[in-house]
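Participant: quick one, fold the following:
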Amino acid sequence: SSCANGCSGEPIMSSKVVSTVVRRAVLSDVPSVAELFNGYRMFYEQPDDYAKCEQFLRERLENEQSVVFLAEEEGEAKGFCQMYPLFSSVRCRHTWLLNDLFVSADRRRTGVGGSLMQAAEDHARNDGAAQILLETAESNVPGQQLYESRGWELETDVRHYALTFEA
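Facilitator: Predicted coordinates:
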């Protein structure tokens, strides 16, 4: 008899290269993006509410109020980002707000987030935007490292304020 693995008793290791496909989401993607969106919101301490997430995303896409990019591996949703259009009165040009970026826990630090950001950057650049803005939590050090590694700059000369209304 012959031993396919050299008779060492060691299992034959095979590594499978998984490719990430990033594409603009369409209405039929809402259920899979809503799963990720729900996870994103729970990360920011919001209650688990898939139905709310699905409705919100559906409304944004149906009304063309946002652009969503979806990262998939072997047809399975692994991450998303959502951008909203804004305008700069000073520049008299439009800009984009990269409001949401989320990658499944099992795919973080594998390039999925960078691929989603590249799609967002390409979209804004091709759309003629003046810039893309984003904000992140002070505690989101991995996110900050990703943004800065891609050439994003921390704005230190402005202050952002918020006035929150009860739902």
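
Participant: which residue ranges form the helices in the chain?
Facilitator: Counting by DSSP state H, the segments of the chain that form helices are 30-43, 50-62, 112-126, 141-149.

Participant: for the ones you listed, give me TSV that also has mean neighbour count.
Facilitator: All C-beta spots, glycine's among them, are computed from the backbone N, C-alpha and C. Shown next, in TSV, are the helices of the chain (neighbours: other C-beta atoms under 10 Å):
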stretch	mean neighbour count
helix 30-43	19
helix 50-62	16
helix 112-126	18
helix 141-149	14
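
Participant: and E166, which of those is closest to it?
Facilitator: When the helices of the chain are compared by C-beta to C-beta, helix 50-62 sits nearest E166, at 16.7 Å.

Participant: who's in contact with the closest one?
Facilitator: With contacts defined as C-beta atoms under 8 Å, 6 or more residues apart in numbering, helix 50-62 is touched by 25-27, 30-31, 33-35, 37-38, 41, 65-66, 68, 82.

Participant: tell me the gap between it and the middle of its chain.
Facilitator: 16 Å (C-alpha atoms, centre = their mean, to the nearest Å).

Participant: what's the burial count for S28?
Facilitator: 8 (other C-beta atoms under 10 Å).

Participant: give the contact list for it.
Facilitator: Per C-beta under 8 Å, 6+ apart, neighbours of S28: none.

Participant: farthest pair within the contacts of helix 50-62?
Facilitator: Farthest pair in those (C-beta to C-beta) is V26 and R41. Separation: 21.5 Å.
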